[in-house]
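Student: quick one, structure for this:
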Amino acid sequence: MGRLKNRIDYENLRNARILENQARLSSLGLQKTLSELRSLTSSAKAEKGRTQKRKHAKKVYEIADLRRSDRLKHIATDSLSALKSLPLRRSYRLRANSDEPTSPNKVKGNTDYESEEESSDREKRPANAPFLNIKGVKLPSLSPEASARRCHSKGRGSIYDPFFGICCHFCRQKKLCGEEDCKRCGNLDPDEQCIGKTDCSVCHSTNGVFCRACLKVRYGEEMEEVRENKAWMCPHCIEEKGIKPFWICNSSLCLKKRKMGPTGLAIYRAREMGYESVAHLLMDELKRRNNLKSLQG
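Tutor: Numbers count the residues shown, from 1 in each chain. Coordinates of the predicted model:
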């Protein structure tokens, strides 16, 4: 009861003070002044919004040069011009669905379709001398600067060339090789073989194309020995024929098909463990796994 009484007394006192303050403000005329000021400011803002419209500043975007890596900056301009003049490559399936002529005798515009001789020639050619349909195209030539820079890296080459460069199956670098005596990469002769890339004697496919560095690091073989061995086979054909058990291609593409993770820079681990290459390390690991499965089974 005592607390309730104190609460009531406090509320009565508070209400009395509020009424007293309101009476004092009305006697001074402050409430009227405050309402007038509010009405003045609101009307001024509305009038300003009607008279002055917001000016829209149009943003001007500057046209900057296309950013390109240093590797692409050093591509010979002649090679690029030759690429632009090449005919568009389309499969026979797409040509049959379109209105384009499929016969080699019927030519639409400047497009030349390969004849049966060219098609058979393409099948016979080795993978390190791929067929280039350059009929009616002026062959480019390397600039003196590019020629001098080509042999700086003998392992994988120093110049990227989308036209004459041959893609390595492992590192997938489409570069001109760094071999000094290579006529294809040095003179840009499409009829010559690239001596800085391998060619499988069995499949002659892109699976057997390796540069000097990948051949040594990933498979422990020297380019000079491969050139002399006319019966050299790529890891795919060796595995298919069963010549070396557990000898596989350790490129990321092939390991992914086997549901295996890429090895990365496994050459350092392989050499620390006394293996000649990454392929020898993987061969030993696969042998151990197979032995464990046979013991458990």
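Student: for the closest residue in space to Asp181 that isn't next to it in sequence, give me its contacts.
Tutor: In this structure, Asp181 finds its nearest non-sequential neighbour in Ile195, 6.5 Å apart by Cβ to Cβ, 6 or more residues apart in numbering. Every C-beta, even on glycine, is put in place using the N, C-alpha and C of the backbone. Shown in contact with Ile195 (Cβ atoms under 8 Å, 6 or more residues apart in numbering): Asn128, Cys177, Glu179, Asp181, Cys182, Arg184, Met223, Arg227.
Student: tell me the mean pLDDT for the stretch of helix or strand Tyr10 belongs to?
Tutor: Per DSSP states H and E, Tyr10 falls inside helix 2-28. What helix 2-28 shows for mean pLDDT is 81.
Student: which other helices and strands contact that helix?
Tutor: Where contact means 3 or more Cβ pairs under 8 Å, 6 or more residues apart in numbering; DSSP states H and E, helix 2-28 is not packed against any helix or strand.
Student: quick check: buried residues in that helix?
Tutor: Residues of helix 2-28 classed as buried: none (neighbour count, 16 or more other Cβ atoms under 10 Å).
Student: for stretch 240-252, same thing?
Tutor: For stretch 240-252, by 16+ other Cβ under 10 Å, it's Trp247, Ile248, Cys249, Asn250, Ser251.
Student: run through who's touching that stretch.
Tutor: 169-170, 202, 207, 218, 233-236, 238-239, 254, 258, 262-263, 278-279, 282-283, 286-287, 290.
Student: could you check how many residues crowd around Leu265?
Tutor: By the criterion of other Cβ atoms under 10 Å, Leu265 has 9 neighbours.
Student: quick one: Ile166 and Lys197 touch, right?
Tutor: Yes: between Ile166 and Lys197 a contact is recorded at 5.0 Å, counting by Cβ atoms under 8 Å.
Student: what is in contact with these two at once?
Tutor: Ala127, Asn128, Cys177, Val209.
Student: tell me the one among these nearest to Ile18.
Tutor: Val209 (94.1 Å; Cβ to Cβ).
Student: could you list every residue that touches the closest one?
Tutor: Val209 makes contact with Ala127, Asn128, Ile166, Cys167, Cys168, His169, Lys197, Thr198, Asp199, according to Cβ under 8 Å, 6+ apart.
Student: give me the subset of those lying in strands.
Tutor: Ile166, Cys167 (DSSP state E).
Student: before we move on, the earlier item: tabulate the shared contacts of Ile166 and Lys197 (JSON lines), appending distance to Gly155.
Tutor: Output for these, formatted as JSON lines (distance: Cβ to Cβ, whole Å):
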{"residue": "Ala127", "distance to Gly155": "19"}
{"residue": "Asn128", "distance to Gly155": "16"}
{"residue": "Cys177", "distance to Gly155": "9"}
{"residue": "Val209", "distance to Gly155": "15"}
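Student: gap between the two ends of stretch 245-252?
Tutor: End-to-end distance of stretch 245-252: 20 Å, with Cα to Cα, to the nearest Å as the criterion.
Student: roughly how far is it from the heart of the chain?
Tutor: Mean-position distance between stretch 245-252 and its chain equals 24 Å (Cα atoms, centre = their mean, to the nearest Å).
Student: one more: stretch 290-297?
Tutor: Centre-to-centre, stretch 290-297 and its host chain are 40 Å apart (Cα atoms, centre = their mean).
Student: and if you look at stretch 232-239?
Tutor: Worked out by Cα atoms, centre = their mean, stretch 232-239 lies 28 Å from the chain centre.
Student: let me see the ranges of the helices in the stretch 101-250 of the chain.
Tutor: Taking DSSP state H, counting those that start in this stretch as the criterion, the stretch 101-250 of the chain contains helices spanning 116-124, 144-150, 183-187, 212-219, 223-228, 235-241.
Student: Arg156 is in contact with Phe210, isn't it?
Tutor: No: Arg156 lies out of contact with Phe210 (Cβ under 8 Å); the separation is 10.2 Å.
Student: overlap in contacts of the two?
Tutor: The overlap between the contact sets of Arg156 and Phe210 (Cβ under 8 Å, 6+ apart) consists of Cys168.
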